[in-house]
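1. Show me the folded form of this:
(one chain, ligands or ions: 1)
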Amino acid sequence: LNGLMGMLRLARGRMRDPAGLEQLDKAAIAATHLATIINDVLDVSKIEAAQLQLEAIEFFLPPVVDTAFSMNTARAAAKGVSLRSELAPGLAGQAFIGDPLRLGQILINLVTNAVKFTEQGTVTVRVCPLAQDEARATLRFEVIDTGIGIPRDQQERLFSAFEQADSSMTRKYGGTGLGLAICKRLVELMGGRIGLDSEVGYGCTVWFELTLPTAVT
Ligand code: ADP
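-> Numbering: from 1, shown residues only. Below you'll find the model as predicted:
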């Protein structure tokens, strides 16, 4: 698939015909979508086979949150949805030990969903400490949107693989139903917990809580 995407990029550079350019762009979008699905399926299998190793390296929160936003800036701007990050005082300059890539993957999934299911308003990523001592901090992450919300009776099963709110969702919004399942498994691998609060028509807040060792810089 990477070879295919590379060739599409090269072919695009040589293409002069506008209709041909449009076709190559559509092929590239389809290839990217397929790559996302394959990566999601591989991640679920890896986690299930207990093969996924988490890193324990030093990192700061702001770049992790910024990456989740940057993947969604264009989509949010196209709908007029604003993206806001609210880090509690002191968190931006605090170094943590953990797996920033996997933490980023959780936030990317949640922010992507929030933008996808919000037609107007704001998507906010809020991080605040619940408890802290010299060695570690328990953080609560919240991805808050002002979108369509999720009926109460469907909320619990969305964290299982391949589950979506209802089948009309697949037709309207696409997706595989793997995002929240991956988030739940990653959060649990990190020793945390995840959940959501939502009311139909009033948006959705997906939250997770993690205890991370802190580092002195
Ligand atoms: P996907 O987005 O690929 O369908 P997910 O596991 O990420 O898979 O989400 C599963 C389902 O949960 C979505 O199809 C949607 O029905 C619902 N959902 C997730 N996040 C939101 C949200 N922020 N607002 C409304 N519905 C959501």
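2. What ranges does the protein have for its helices?
-> With helices called from DSSP state H, the chain shows them at 2-14, 18-48, 61-70, 73-79, 100-116, 167-173, 179-189.
3. Residue 159 is nearest to which of these?
-> Of all the helices of the chain, helix 179-189 sits nearest to residue 159, with 4.4 Å by C-beta to C-beta. (Each C-beta comes from the backbone N, C-alpha and C, glycine too.)
4. Pull the residues that contact the closest one.
-> 40, 43-44, 47-48, 52, 54, 102, 105-106, 109-110, 112-113, 158-163, 193-194, 206, 208, 210 (C-beta atoms under 8 Å, 6 or more residues apart in numbering).
5. Could you report the distance from residue 65 to residue 86?
-> In this view, residue 65 and residue 86 are 10 Å apart by C-beta to C-beta, to the nearest Å.
6. Ok, residue 215 next?
-> For residue 215 relative to residue 86 (C-beta to C-beta), the value is 23 Å.
7. and what of residue 80?
-> Using C-beta to C-beta, residue 80 is found at 20 Å from residue 86.
8. Compare the two and say which one has the larger neighbour count.
-> Legend: neighbour count by other C-beta atoms under 10 Å for residue 80 and residue 86, higher for residue 86 (13 against 9).
9. can you pull up the bridge partners for that one?
-> Beta bridges link residue 86 to residue 126 when assigned by DSSP bridges.
10. Identify the residues contacting it.
-> 124-127.
11. same question, residue 152
-> Neighbour list for residue 152: 198-199 [criterion: C-beta under 8 Å, 6+ apart].
12. Tell me the predicted confidence for it.
-> Predicted confidence (pLDDT) at residue 152: the value is 92.
13. Ok, residue 171 next?
-> 55.
14. near the ligand, which residues of the protein show up?
-> When proximity is defined by C-beta under 6 Å from any ligand atom, the chain lies next to the ligand at 109, 113-114, 117, 145, 147-148, 150, 158, 164-165, 169, 175-181, 204.
15. Chain neighbours aside, what residue packs nearest to the residue positioned nearest the centre of the chain?
-> Central residue of the chain (C-alpha atoms, centre = their mean): residue 109, 1.7 Å from the mean position. Here the nearest residue to residue 109 in space, its sequence neighbours aside, is residue 179; by C-beta to C-beta, 6 or more residues apart in numbering that works out to 4.2 Å.
16. Good, we can wrap up now.
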